[in-house]
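sequence? don't have it. structure:
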């Protein structure tokens, strides 16, 4: 693993702690925290939304088309992680480990570009050609503007701005500290690296969205809550992760889409269950409890992996 | 494997032969018969219902909400079996077998408790907070009471009572005999242990529900048939199996949620196909034939595994 | 592998190059080209249909019932490939390779027969008992006859006849040449055998359907386009592949349903994503791009496997 000390920095990105870590070559932690962000968004955040919203409201409805478009993209991104993992396992021992890693790296670069193109197309789809599908979503609730810009209006522009800055600073500081001290944590607290990357970091890193999503879910603005939860995970799966692969390509770090088998399977199951639960366009507290239950089970197993 | 001869007995349970076997420490047979009960319910029983009902009626409809709630819970329980199996495989050879088994055991206990909580929440959901969703189901058909209590009314209270007692006694006797003589069967008839646990025992153990479900399906009471078939498998997946894990914890038997890889994959595929077939709220004979076809294929492969 | 030189020929079959190759015993190429045909139909052809149609038309609708019946059958056929692969992996090293292969062969014969029965039932379902479901599909569009016979009417009977003969001859010639020269291609062009079987052969072999499907999709006859794309893959999965297994049984070639693990997983993911995308009965260009993206990713990885 060549570690040229490029000083290049990625554009600021409050969604994940990825870029800071990548340049130290700690690929595994980056991969785990990417997947962990997706998991915490679609299981923990969405689960809390469904549970908190479901306790206040008997049944909550949301725009199926939007939810199903996003979850289709999640399914494609899941496939793009399972295929390398399977190929790696299937290549067996006949090829040397280096040849396998090189092949996977080349293929990851190609796959990352395709995922970025799909994300670009999704933006065109959402903002230009099929924008009315996505506007429709707020129609039923409160006739506001579109997408994630809502958040400001709900908290008031000043409160929201201050909150966002505060939380971002907190998250960035925490993330820097966490990443710097992961090794000592692993040794001292006997917590597995997978648990830190998959569970701890993402919870801290997504605190802002988490709170927002639950608050709006309790106000029965489910389209917004789902936009935050699934939208964020989609962004990580189709924008941040492929972007980091391309960034790794540029700064010569072997960042691939070949994740650990445990992480890949867990990601697949989480997406499958979530897609299944949102496919009917309705939610209730039981569905929230199922998502939270899955998150706790995965978290438990991650401590030992 | 410590075999303390506890005399403790589980509450009587006619759904499965589990408790009797568990105390002899035959964990593998218990696991196989748990999974086999689920398989026989969602593939064999549901397949027969769809086929028999579909031959008499062109298209049969049922309450989608109820079916999808139950199948979501099945999906979560599937995930709770796949995660330990994956973790076990992923831990590889770096850890000793004992450490792996210990970790899986601890995590199985935690997972079992979460599944039991989810089952409890499901009961609250079905009987209290969202009972009208589940009442609705019989509305279309015949305006009767709720859920499995129907069975009595269909057969008449006396006939049903006698039938239930008879069948339960038969099942219990058969089960005792079967379990006691499994070793000799394996040796004499050259049938694999997996086939006995996965196919033979569950068919015997679920005979009562099987007949009931097919009879009501032919009377076009599909909600009831689905309630029996999927409801039973859900009960096994979320109540009986986690209960046995907890029971094993109490009587110090290493009953885990780590099933054989073949069984886990087969369970996952069965739940996936079934969920897919019931998601439209309609059934016909072709769907019944697909479920039966899958059951026969799985049964065939189980004889060799 | 016994290679009795039977001169028996299969009924002419322009869907695939299977029978010609099978008698040379090149089982692996046949398996890969079967799977490849399915993949190219449900990802490449359907993706092109959705993309080309979606660029001309904002949203296209199709008969959900027909699509979901076909994709349920695809799901069952996927399961029938995953189960042998899993069993093979699960049997581990305790059994000798020969015993494993023999068991898988016997089970493949049984499974093939079940798949052929399901295909037969599907024909009865489509043409006899539930024909009105499948007629309905053209109702919205243009009030024409049923199913694949449309193609002629769209191109005009003469043009279509000539085109079909020309393309079939071309395909057969190409296929013969390709199969005869695969070994030299593998050596000269350094392309993997999997890539040839999974990607190259099927694209050539399905050129006719491919063009037809895209043309009708652009005319907004989505039911016909889906009938061609998914109908073809279903035919391959439930008719051609099991037929070849039975043919292999007759001419004593060990053709099984045990595919390479990479192919099996890729097939499963493709069916899963496709089923998910068509389950809402609507399509747009973004869904087309997702399918094409998946095809390109799979094609890339196939070059290295």
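Nice, thanks for sending it over. None of these values were measured; they are calculated from a predicted model.

can you list the residues of the stretch 1-150 of chain A near chain B?
Residues of the stretch 1-150 of chain A lying close to chain B by CB under 8 Å from any CB of the partner chain are A:58, A:59. Where you see a C-beta, it was placed from the backbone N, CA and C, and this is true even at glycine.

hey, where'd the helices end up in the stretch 51-200 of chain A?
A:64-91, A:97-124, A:131-139, A:150-155, A:157-189, A:193-195 (DSSP state H, counting those that start in this stretch).

Could you tell me the least trusted of those?
Of all those, mean pLDDT reaches its minimum on helix A:150-155 (a mean of 52).

and the most centrally placed residue in chain A, what element?
Geometric centre of chain A, nearest residue: residue A:38, 2.7 Å, by CA atoms, centre = their mean. Using DSSP states H and E, residue A:38 falls within helix A:27-39.

What of residue A:276?
Secondary structure from DSSP H and E places residue A:276 in helix A:261-278.

Average pLDDT for that helix, rounded please.
Mean pLDDT, helix A:261-278: 91.

Is there contact, residue-wise, from the following helix or strand past that helix to chain C?
Proceeding N to C from helix A:261-278, the next assigned helix or strand is strand A:282-283, under DSSP H and E. No. Contact of strand A:282-283 with chain C (CB under 8 Å from any CB) is absent, the minimum separation being 15.1 Å.

residues contacting the spatially closest residue to residue A:32 that is not a sequence neighbour?
Leaving out its chain neighbours, the residue that sits closest to residue A:32 by CB to CB, 6 or more residues apart in numbering or on different chains is residue A:197, at 2.6 Å. By CB atoms under 8 Å, 6 or more residues apart in numbering or on different chains, the contact list for residue A:197 reads A:28, A:29, A:30, A:31, A:32, A:33, A:35, A:36.

Nearest to residue C:264, out of these: which one, please.
Residue C:264 lies nearest to residue A:35 out of the contacts of residue A:197, by CB to CB, at 23.7 Å.

Isn't the closest one up against residue A:198?
Yes. With contact defined as CB atoms under 8 Å, residue A:35 counts as touching residue A:198 (6.3 Å).

what residues are up against residue A:280?
If you count contacts by CB under 8 Å, 6+ apart, then residue A:280 has A:64, B:64, B:65, B:68 around it.

actually residue A:230, not the one I wrote
A:41, A:42, A:46, A:67, A:70, A:71, A:74, A:274, A:278.

Not counting residues beside it along the chain, what's closest to the residue of the stretch 201-305 of chain A found nearest chain C?
The nearest approach of the stretch 201-305 of chain A to chain C comes at residue A:275, 6.9 Å away (CB to the nearest CB). Leaving out its chain neighbours, the residue that sits closest to residue A:275 by CB to CB, 6+ apart is residue A:71, at 4.3 Å.

And that neighbour, how far from residue A:42?
Per CB to CB, to the nearest Å, residue A:71 is found 9 Å from residue A:42.

so which of the contacts of residue A:280 is the most crowded?
residue B:68 (20 neighbours; other CB atoms under 10 Å in any protein chain shown).

State the distance from residue A:286 to residue C:129.
Counting by CB to CB, the gap from residue A:286 to residue C:129 is 38 Å.

higher neighbour count, the two?
Neighbours per residue, other CB under 10 Å: of residue A:286 and residue C:129, the larger number sits with residue A:286, 22 against 16.

Could you confirm that one falls within a helix?
Yes. Judged by DSSP: H, G, I helix; E, B strand; the rest coil, residue A:286 forms part of a helix.

give me every residue that touches it.
Applying CB under 8 Å, 6+ apart, the residues near residue A:286 are A:54, B:69, B:121, B:122, B:125, B:130.

List phi and psi for the last one.
The one in question is residue B:130. phi -120, psi 30 (degrees, to the nearest 10).

and the closest residue to it other than its chain neighbours, what pLDDT?
Leaving aside its sequence neighbours, residue B:130 sits nearest to residue A:284 (CB to CB, 6+ apart; 6.8 Å). The per-residue pLDDT reported for residue A:284 equals 91.

again with residue A:246
The model's pLDDT for residue A:246 equals 91.

One more: residue A:211?
For residue A:211, pLDDT reads 89.

so it, which of the three states?
Per three-state DSSP, residue A:211 ends up helix.

returning to what we had before: ok, the residue nearest to the centre of chain A - contacts?
By CB under 8 Å, 6+ apart, the residues touching residue A:38 are A:74, A:233, A:236, A:237, A:267, A:270.

returning to that earlier point: comparing residue A:35 and residue A:198, which residue is more hemmed in?
Using other CB under 10 Å as the criterion, residue A:35 and residue A:198 rank with residue A:198 on top: 32 against 26.

The more buried one and residue A:302 touch, don't they?
Yes. In this structure, residue A:198 is within contact of residue A:302 by CB under 8 Å, at 4.7 Å.

For residue A:41, grab phi and psi.
Main-chain torsions, residue A:41, degrees, to the nearest 10: phi -70, psi -50.

Could you measure from the closest residue to it other than its chain neighbours over to residue A:225?
Nearest non-adjacent residue to residue A:41, counting by CB to CB, 6+ apart: residue A:233, 4.0 Å away. For residue A:233, the distance to residue A:225 equals 13 Å [CB to CB].

How about residue A:162?
22 Å.

how about the residues of chain A that lie near chain C?
Applying CB under 8 Å from any CB, we find that chain A lies next to chain C at A:64-65, A:68-69, A:71-73, A:75-76, A:79-80, A:82-84, A:86-87, A:89-91, A:103, A:107, A:110-111, A:114-115, A:117-118, A:121-122, A:125, A:129-130, A:275, A:279.

Now, of the residues you listed, which are buried?
Buried members of those, scored by 16 or more other CB atoms under 10 Å in any protein chain shown, are A:65, A:68-69, A:71-73, A:75-76, A:79-80, A:82-84, A:86-87, A:90-91, A:103, A:107, A:110-111, A:114-115, A:118, A:121-122, A:125, A:129-130, A:275, A:279.
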